[in-house]
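Q: Generate a structure from the sequence data that follows.
(2 chains)
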Amino acid sequence: MVPNRPVGIVGYGAYVPRYRLPASEVARVWAGGRDEVPVREKSVPGLDEDVVTMSIEAARHAVARANIDPRLIRAVWVGSESHPYAVKPTSTIVAEALGAVPHTQAADWEFACKAGTEALQAAIGLVGSGMARYALSIGMDTAQGRPGDALEYTAAAGGAALLVGPAEESLATLNASYSYVTDTPDFWRRAEESYPSHGDRFTGEPAYFRHISAAGQHLMDALGAKAGDYRWAVFHQPNIKFPQRVAKMLGFSAEQIAPGLLVGDIGNVYAGSCIIGLTGILDVAQPGERILMVSYGSGAGSDAFDLTVTDRIEDSRDRAPLTQDYIRRRTQIDYATYTRYRHKLKT
Amino acid sequence: MELTRHWRLHNQRYSLVGEQCDRCGARLFPPRDVCPECAEPAQELFTFSGRGQVYSYSTVYSAPEGYQEYAPYSVALVQLEEGPMVTAQLTDLGDDKPEIGMPVEMVTRRLRADGDQGVIVYGYKFRKHVKDII
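A: Below is the predicted model of the structure:
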């Protein structure tokens, strides 16, 4: 898909909470310390953090990098599966805090881990059609993992905001995008339930690998591109192994995915997963370098994006903290503190 | 629940929107009807940078209703870069102790929630700069 007028990312911002739970702590409590763990540690939100507060911080960084008047933003869209309210938009609170109200759209998006890139596709469409000069897409989560479940090792908090605008103002221009969706029941959470359910091994081949590889390959084929044409690539990262394997399937090397592969240090941040990986790449990318990003959301689908970094990256990068700054800002907690911070204790 | 009061205050609470006096240039927070420096009534809106430093602080162990889940927490007088002093919670302290003179920046966080069914109130708190922690 290519919009009517050229667009790109004019600003980006990441957010990761300060606290970290080592996966070995989950293994200690639930598996006698014997489990092979899928990540080193995961980020845990503080008691006063949620998708609203985290989105506000990432969005402020995106606006700061773009150096624009927030009143020019015509859409604030937040993708998440952990919105604080069941009914009342996260996005209106974020838009108000940014100073983007009242002349804007605002809505919350839901598509498991690809809610953020679904919002990005829509933002590309809105700006690309000429209906808006700027549209803000956010993917942010405070993911839920049932105590003792395999997901508890990785379900983490964090995400990123991407501000879409005209290509001539962009720090990374969009070459094309593509979406690939099927009805695949690999992971879900029913209404009123606190924790999600999943299909164990079913989450692999028919779900994650099929959708990401198909979306990525279709986009590359449509553009006549090969993995070697890209400097960097980033894929949805529920654990360390899955993105490494899908990268290999598509022909990408370990070096090409290295700066965007953050899951080992922060865990799976769900709707923010691949877009925070993209911010990690933008923090080190040079003008002219090409990036492939492919998300994955259970249920299931993938969005693929082909971007080229511009000269504007140099000036905008240091207007906000780098993603690695947030990753290095870490305070380790134990499982007991984690249960308090994630409200797993009944009081 | 004082819904209207929270709604009326959300600009200043979310984004530190105060005022600047048209006459003497004083920056005011919270916004008020009359400039305390020169008694001029009309004020222009002014968004503060959110940067400042801890002037003094205290730690709350016995928290009032609505704030118990955060205890113990620290409350500080923060001297904003532009002049005014505000009272706010410090957050994201981790294992760090607050210090007088500590540079801080504003973040928007949950202040409290009105039970499980009421609204969530968001507002400013202050924390150490991200880069000062790493």
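
Q: hey, let's count contacts and neighbours off CA atoms from now on
A: Will do.

Q: Looking at the top helix by length along chain A now, give me its mean pLDDT.
A: Scanning chain A for the longest helix, with DSSP state H as the assignment, gives helix A:51-66. For helix A:51-66, mean pLDDT rounds to 98.

Q: Please see if that helix touches chain B.
A: Yes: interface with chain B: helix A:51-66 contributes A:T53, A:I56, A:E57 (Cα under 8 Å from any Cα of the partner chain).

Q: Could you list everything residue 19 pairs with in the sheet?
A: Chain wasn't specified; assuming chain A. A:V44, A:T331 (DSSP bridges).

Q: I was thinking of chain B, sorry if that wasn't clear
A: B:L28, B:L45.

Q: Give me the number of neighbouring residues for A:L262.
A: Applying other Cα atoms under 10 Å in any protein chain shown, we find 26 residues neighbouring A:L262.

Q: what's near enough to touch it?
A: The contact partners of A:L262, taken as Cα atoms under 8 Å, 6 or more residues apart in numbering or on different chains, are A:G277, A:G280.

Q: Can you give me the pLDDT of B:D114?
A: Value for B:D114, per-residue pLDDT: 85.

Q: if I look at it, how far off is chain A?
A: The gap separating B:D114 from chain A is 13 Å, by Cα to the nearest Cα, to the nearest Å.

Q: So that residue versus A:P196, what's the distance?
A: 26 Å (Cα to Cα, to the nearest Å).

Q: ok now do A:F209, which residues does it touch?
A: Counted by Cα under 8 Å, 6+ apart, A:F209 has contacts A:F242, A:V246.

Q: again, 10 Å this time
A: By Cα atoms under 10 Å, 6 or more residues apart in numbering or on different chains, the contact set of A:F209 is A:T203, A:A215, A:F242, A:P243, A:R245, A:V246, A:A247, A:M249, A:Y296.

Q: Can you check my assumption that the third one lies in a helix?
A: This points to A:F242. Yes: A:F242: assigned to a helix according to DSSP: H, G, I helix; E, B strand; the rest coil.

Q: What is the burial count for it?
A: A count of nearby residues for A:F242, using other Cα under 10 Å, gives 17.

Q: and it, what does it touch?
A: Contacts of A:F242 by Cα under 10 Å, 6+ apart are A:P38, A:G204, A:Y208, A:F209, A:F235, A:H236, A:K248.

Q: Mind giving me the PyMOL command for buried ones among those residues?
A: Selection command for PyMOL covering only the buried members of those, criterion 16 or more other Cα atoms under 10 Å in any protein chain shown:
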select buried, chain A and resi 38+208+209+235+236
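
Q: quick one: which of the contacts of A:F242 sit in strands?
A: Counting by DSSP state E, these place A:F235 in strands.

Q: how far away is A:L282 from chain B?
A: Taking Cα to the nearest Cα, one finds A:L282 at 19 Å from chain B.

Q: Parallel or antiparallel, list what pairs with the helix or strand encompassing A:M140.
A: A:M140 is part of strand A:134-142, with elements assigned from DSSP states H and E. In the sheet, strand A:134-142 lines up against strand A:73-79 (parallel), strand A:157-166 (antiparallel) (DSSP bridges).

Q: taking the mean pLDDT, what do you get for it?
A: 98.

Q: re earlier: return the member of the contacts of A:F209 nearest to A:V87.
A: Distances from A:V87 to those, taken as Cα to Cα, are shortest for A:Y296 (25.2 Å).

Q: The closest one: what's its closest spatial neighbour, skipping adjacent residues?
A: Closest residue to A:Y296 in three dimensions, ignoring its sequence neighbours and counting by Cα to Cα, 6 or more residues apart in numbering or on different chains: A:S302, at 4.4 Å.

Q: got the contact list for the one you found?
A: Listed by Cα under 10 Å, 6+ apart, the contact set of A:S302 reads A:113-114, A:117-118, A:178-182, A:207-208, A:210-216, A:235-236, A:293-296.

Q: Please enumerate the helices of the stretch 1-150 of chain A.
A: Remark: helices assigned in the stretch 1-150 of chain A by DSSP state H, counting those that start in this stretch are A:23-30, A:51-66, A:90-98, A:115-128.

Q: any idea of the angle the third one forms with helix A:51-66?
A: The reference is to helix A:90-98. Comparing the axes of helix A:90-98 and helix A:51-66 via axes from the mean of the first three to the mean of the last three Cα atoms, to 10 degrees yields an angle of 50 degrees.

Q: List phi and psi for the residue of the stretch 151-300 of chain A found nearest chain B.
A: Closest residue of the stretch 151-300 of chain A to chain B, Cα to the nearest Cα: A:E192 (13.4 Å). Dihedral pair for A:E192: phi 80, psi -10, per degrees, to the nearest 10.

Q: surely it meets A:A86?
A: Yes: in this structure, A:E192 is within contact of A:A86 by Cα atoms under 10 Å, at 9.3 Å.

Q: ok, these two, which is more surrounded?
A: The neighbour count for A:E192 versus A:A86, taken as other Cα under 10 Å, is higher for A:A86 (10 against 7).

Q: hmm, which two among the contacts of A:F242 are most spread apart?
A: Longest span within the contacts of A:F242, Cα to Cα: A:P38 and A:K248, 18.4 Å.

Q: And A:T279, how close does it get to A:R18?
A: Taking Cα to Cα, one finds A:T279 at 18 Å from A:R18.

Q: Also A:E168?
A: Between A:E168 and A:R18 the distance is 35 Å, computed by Cα to Cα.
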